[in-house]
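S.K.: Prediction below, plus the sequence it came from.
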Amino acid sequence: MFTGFKSPCDEGVIKAAASVEPCSKQVGRWVLAATIIGSSIVFIDGAVVNVALPVLQQQLNATITDVQWVVEAYALFLAALILVGGALGDHFGRRRIFALGIAIFGAASVYCGLASSVSHLIFARAIQGVGGALLVPGSLAIISAFFPGEQRGRAIGLWSGFTSVTAGLGPALGGWLIGHFSWRWAFFINVPLVIGVLAILLFRVPESKDAREKRNLDWLGAAAATIGLGTVVYALVESNIRGLGDPFILAAMAAGVLILAGFIVIEHFSSHPMMPLQLFRSWTFTGANLLTLMLYAALSAAFFFLPFYLIQIRHYSTTAAGSALIPFILIMFALSRWAGGLINQYGAKLPLIVGPVIASAGLGLFAVSPNESGYWKSVFPAVTVLGLGMVISVAPLTTTVMNSVSVEFSGIASGINNAVSRTAGLLAIAVLSIVILNTYGTNLDRRMAALNLSEETKAMMDQQKIKLAATEIPAVVDPSERSKLIEVRDGSFVSAYRSVMYILMGLALCAAAFALFMIKGNGSEVRKKQSTPEL
């Protein structure tokens, strides 16, 4: 399947600094197979889980806070530990850590599929996040270690293309499995892939590691980042129940912010920081990461809330909801090479302004699309425009991040940018869930006030606000009143959903503003004289 590649091997162990001769093409093919399938597991899982959330909410009688944690528990550990995962691979062997991440992810997937309650599912998702933090940095690191410079680009291109296809097909397949069997298959689908990757890794892929002197890992920084982010996210998510003004929520928020401030102090004084602060002396590097924060916050939140709208309001099947974003994936796959060429023609800055602006237009189309229109007139245009905006943005953004620091720091710069994109989704979902819940509640109260409802019915509806569009209509109401309450519930959710999409539109425009005012020249600023300690 994969032809034309050779892998440098030195009796099964590759050292980054060593000069080695290329070995058989077969090894290169197995390396690509393992890294493509391994990465696809994460991409498929993330997309399929979003499709499963509305069904999971109904079948496990979960609130919006519960389903938030299903996503946030995973994203928290992935975002906080991803830099440590990359360092562990360099130190102890990339294949070993990649395989460990795959194994943990697979075991946690089984746990997710067997979970008997939302709390068990959330815990299992947290374990998945740990596995993902070991797995995600490993795929490209293994490719970079095994393929020489002239073949590395082609290998990464194949990796990118195949993972894009699997990411597009995954939600459709997952939606079909959920619709015909159970939401549990959103997790069980990972198991055969995990077994296949482990077999390839153990028997066909040689080990590689960093030949340089071993460095101490920044465990203190990792702990501070995890605890700080976790505390802030916990306060934001739980405020849906307690309220933002609750003393416990305020105390937790303050504690989280203080711990994150402590993380910055730790990184400043650490001899081997996981996030070297000196890199942020580059105005372009800082701007690119702020752009990443805004743009990926908008994208992650849009993909989180969209399935609820499609399934609970538009009454899409899980298969149809899973397939709704396929145009987005196809655009990313088909136009990535073209978008990469824009850098040579226009530089990176102009695409980083235009791309987020187009993405904001796509998010705006989600906000204004009429509920009664079919897919091709409502969802498809929004997905297509959003995909076009993202494909214009991604390659120039990666190039800008890599070019804004000197070559020896390119790996850590890429890792930081990856962590920022994960953190963006983590925080965006937490914050905007507060917005959508409060907007929904306000709209629901206002619309119910116009109906002649009994106090008992109002109280029962009020108790279920936290379920949003999954709010159940009380059984005591008569049929005519039931239809009005359904209309009120759905209308309140649509208003809240549209408000969030307008906010996401604003975030994308902020991303364009960061490109305009912070990214210098053509986005290829390079800081050749870094005062960062050797990494």
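M.R.: Noted; the coordinates are in hand.

S.K.: Going by C-alpha atoms from here, please, whenever you check contacts or count neighbours.
M.R.: Fine.

S.K.: Domains in the protein, by residue range?
M.R.: 24-206, 218-273, 295-525 (automatic domain parsing).

S.K.: what's the average pLDDT for the shortest one?
M.R.: It refers to domain 218-273. Per-residue pLDDT over domain 218-273 has a mean of 88.

S.K.: Same check on the longest one?
M.R.: Mean pLDDT, domain 295-525: 86.

S.K.: what's the offset of that domain from the middle of its chain?
M.R.: From the chain centre to the centre of domain 295-525 is a distance of 12 Å (CA atoms, centre = their mean, to the nearest Å).

S.K.: Measure how buried the residue nearest to Val205 when sequence neighbours are not counted is and give me the count.
M.R.: Among residues not flanking Val205 along the chain, Val31 sits closest, at 5.9 Å (CA to CA, 6 or more residues apart in numbering). Using other CA atoms under 10 Å, Val31 has 27 other residues around it.

S.K.: The spatially most central residue of the chain: what's it in contact with?
M.R.: Nearest residue to the geometric centre of the chain (CA atoms, centre = their mean): Arg422, 5.1 Å. Contact criterion CA atoms under 8 Å, 6 or more residues apart in numbering gives Ala75, Leu78, Ala79, Tyr296 as the residues in contact with Arg422.

S.K.: Let me know the secondary structure of it.
M.R.: helix (DSSP: H, G, I helix; E, B strand; the rest coil).

S.K.: Now do it against Pro396, distance only.
M.R.: 19 Å (CA to CA, to the nearest Å).

S.K.: related to what we said a few turns ago, please look at the residue nearest to Val205 and Ile143 and confirm they touch.
M.R.: Yes - the pair Val31 / Ile143 is scored as a contact, 7.0 Å apart, by CA atoms under 8 Å.

S.K.: Quick check: Ala172 touching Ser323?
M.R.: Yes - in this structure, Ala172 is within contact of Ser323 by CA under 8 Å, at 4.6 Å.

S.K.: These two - which one has more neighbours?
M.R.: Ala172 (24 against 20).

S.K.: What pLDDT does the model give the more buried one?
M.R.: 78.

S.K.: ok, now which ones touch it?
M.R.: Going by CA under 8 Å, 6+ apart, Ala172 touches Thr319, Ala320, Ala321, Gly322, Ser323.

S.K.: who wins for neighbours among these?
M.R.: That'd be Gly322 among the contacts of Ala172, by other CA under 10 Å, with 29 neighbours.

S.K.: Which residue ranges of the stretch 101-250 of the chain form strands?
M.R.: Along the stretch 101-250 of the chain, counting by DSSP state E, counting those that start in this stretch, strands occupy 207-209.

S.K.: Could you do the stretch 251-400 of the chain as well?
M.R.: Under DSSP E, counting those that start in this stretch, the stretch 251-400 of the chain gives no strands.

S.K.: Pass me the low-pLDDT residue ranges in the stretch 51-200 of the chain, would you?
M.R.: Along the stretch 51-200 of the chain, segments meeting pLDDT under 70 span 149-150, 152-153, 156-157, 160-161, 164, 167-168.

S.K.: Please tell me how far Met460 sits from Phe285.
M.R.: Met460 is 51 Å from Phe285, by CA to CA.

S.K.: Apologies, that question was intended for Gly262.
M.R.: In terms of CA to CA, Gly262 sits 22 Å off from Phe285.

S.K.: So between the two, which is more surrounded?
M.R.: For Gly262 versus Phe285, the count of surrounding residues by other CA under 10 Å is larger for Phe285: 29 against 16.

S.K.: which residues does that one contact?
M.R.: With CA under 8 Å, 6+ apart, Phe285 has these contacts: Leu279, Thr400, Val401, Ser404, Val405, Ile519.

S.K.: so which two of those are the farthest from each other?
M.R.: Farthest pair in the contacts of Phe285 (CA to CA) is Leu279 and Ile519. Separation: 14.5 Å.

S.K.: Give me the more crowded residue out of the two.
M.R.: Ile519 (27 against 21).

S.K.: Look up the closest residue to the more buried one, ignoring the ones flanking it.
M.R.: Using CA to CA, 6+ apart, the closest residue to Ile519 is Thr284 (4.5 Å).

S.K.: same thing with Ala224?
M.R.: Phe263 (5.4 Å).

S.K.: tell me which element Gln57 is part of?
M.R.: Using DSSP states H and E, the element containing Gln57 is helix 25-59.

S.K.: buried sites along that helix?
M.R.: 25-57 (16 or more other CA atoms under 10 Å).

S.K.: Distance from that helix to the middle of the chain?
M.R.: Per CA atoms, centre = their mean, the centroid offset for helix 25-59 relative to its chain is 13 Å.

S.K.: after it, next one along is what?
M.R.: By DSSP H and E, the next helix or strand past helix 25-59 is helix 64-92.

S.K.: Give the buried residues for that next one.
M.R.: 64-91.

S.K.: go on, stretch 255-269?
M.R.: For stretch 255-269, by 16+ other CA under 10 Å, it's Ala255, Gly256, Val257, Ile259, Leu260, Gly262, Phe263, Ile264, Ile266, Glu267.

S.K.: List of residues touching stretch 232-244?
M.R.: By CA under 8 Å, 6+ apart, stretch 232-244 touches 65, 68-69, 246, 249-250, 252-253, 255-257, 426-427, 430-431, 433-434, 437, 466.

S.K.: quick one: the nearest residue to Leu352 once chain neighbours are set aside from Leu291, how far?
M.R.: Once flanking residues are discounted, Leu352 sits nearest to Ser393: 5.3 Å by CA to CA, 6+ apart. Separation of Ser393 from Leu291 (CA to CA) stands at 10 Å.

S.K.: what separates the nearest residue to Phe366 once chain neighbours are set aside from Gly347, distance-wise?
M.R.: Closest residue to Phe366 apart from its sequence neighbours, by CA to CA, 6+ apart: Ala382 at 5.6 Å. As judged by CA to CA, Ala382 and Gly347 stand 27 Å apart.

S.K.: When the two are compared, which one has more neighbours?
M.R.: Ala382 (25 against 18).

S.K.: ok, that one - contacts?
M.R.: With CA under 8 Å, 6+ apart, Ala382 has these contacts: Ala361, Gly362, Leu363, Gly364, Leu365, Phe366.

S.K.: And the last one, how close does it get to Pro381?
M.R.: Pointing back at Phe366 there. Counting by CA to CA, the gap from Phe366 to Pro381 is 9 Å.

S.K.: Between those two, point out the one with more neighbours.
M.R.: Phe366 (24 against 17).

S.K.: what sits against the more buried one?
M.R.: Counting by CA under 8 Å, 6+ apart, Phe366 has contacts Ser378, Val379, Ala382, Arg498, Met501.

S.K.: Among those residues, which one sits closest to Asp445?
M.R.: Among the contacts of Phe366, and counting by CA to CA, the member closest to Asp445 is Arg498, at 17.7 Å.

S.K.: Report the secondary structure element holding the closest one.
M.R.: Going by DSSP H and E, Arg498 is part of helix 479-518.

S.K.: In terms of secondary structure, what does that helix contact?
M.R.: helix 283-308, helix 349-368, helix 410-449 (3 or more CA pairs under 8 Å, 6 or more residues apart in numbering; DSSP states H and E).

S.K.: Sweet, I'm off.
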